[in-house]
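>>> Build me a model from this:
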Amino acid sequence: MVNLVIMRHGEAEALQSTDAKRQLTTKGKAEACRMASWLRQHYPAFDKIICSPYSRARQSAELMLQKQPAGCELALLSDLVPEGDPMQVQLYLDALWSSEPEQRILLVSHMPLVSFLVQTFSSAGQCPVFATAGLACLQYEPGRNGQLLEAISPQELSLLPV
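Next up, the predicted model:
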């Protein structure tokens, strides 16, 4: 069962005065909406969506939240920035799962962190490069290696029959 999904934010505008302020483009919003619809059709609802405090990740997370039922919580985590430490994220999630082991979590962050998170939550050598709004769906249990079950991007969805 997939209980952790790791997502890269949708396409963002070119560099602004600070990286943290970059907004989603129109294409980035469409990518996030498409992935939100796909997740809604293929996986059970999430209990929590946790995202980077950067604007483009927050916007992506908010679009994902719109496709979730009431009761799904949105939270910011300062460790989910591009240069964040995946081990700190793992410790944080392990603590969440220790109190609620059945909860399903969606993380929304940035390259290169999303790649390192997949490796941290699965096994060495699994460090995929994410397209914008790409997803990695994992089965994870604290204290054990998880398993990457599926990875998909908006570009790949466009190749699938409707």
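>>> In this structure, where's the longest helix?
helix 26-42 (DSSP state H).
>>> and that helix, how far from the chain's centre?
12 Å (Cα atoms, centre = their mean, to the nearest Å).
>>> per-residue confidence averaged over the next helix or strand after that helix?
Along the chain past helix 26-42, the next helix or strand (assigned with DSSP states H and E) turns out to be strand 48-51. With pLDDT averaged residue by residue, strand 48-51 scores 98.
>>> So in that sheet, which strands flank strand 48-51, and in what orientation?
strand 73-76 (parallel), strand 105-109 (parallel) (DSSP bridges).
>>> Comparing those, which comes out most buried?
strand 105-109 (a mean of 27; mean count of other Cβ atoms under 10 Å). Any C-beta I mention is one placed from the backbone N, CA and C, and that applies to glycine too.
>>> For the helix or strand that that strand is followed by, list the C-alpha coordinates in CSV.
Scanning forward in sequence from strand 105-109 by DSSP H and E, the next helix or strand is helix 113-121. Written as CSV, here are the backbone C-alpha positions of helix 113-121 (Å, rounded to 0.1, in the frame of the first residue of the first chain):
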residue,chain,number,x,y,z
LEU,A,113,15.9,17.0,-2.4
VAL,A,114,13.0,14.9,-3.8
SER,A,115,15.5,12.5,-5.4
PHE,A,116,17.4,12.1,-2.2
LEU,A,117,14.1,11.6,-0.3
VAL,A,118,13.2,8.7,-2.6
GLN,A,119,16.6,7.1,-1.8
THR,A,120,16.3,7.7,1.9
PHE,A,121,12.8,6.2,2.1
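>>> Show me what helix 113-121 packs onto, helices and strands only.
Contact partners of helix 113-121 among helices and strands, from 3 or more Cβ pairs under 8 Å, 6 or more residues apart in numbering; DSSP states H and E: strand 4-8, helix 86-99, strand 105-109, strand 135-139.
>>> possible to save the strands paired with strand 48-51 as JSON lines with mean pLDDT?
Output for the strands paired with strand 48-51, formatted as JSON lines (pLDDT from 0 to 100):
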{"stretch": "strand 73-76", "mean pLDDT": "98"}
{"stretch": "strand 105-109", "mean pLDDT": "98"}
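>>> and of those, who's closest to Leu4?
strand 105-109 (5.5 Å; Cβ to Cβ).
>>> With just CA atoms, put that closest one into CSV.
Extracted C-alpha coordinates of strand 105-109, given in CSV (Å, rounded to 0.1, in the frame of the first residue of the first chain):
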residue,chain,number,x,y,z
ILE,A,105,1.4,11.6,3.5
LEU,A,106,2.2,13.6,0.4
LEU,A,107,5.5,15.6,0.5
VAL,A,108,5.9,18.5,-2.0
SER,A,109,9.4,19.8,-2.4
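>>> Perfect, I'm done here.
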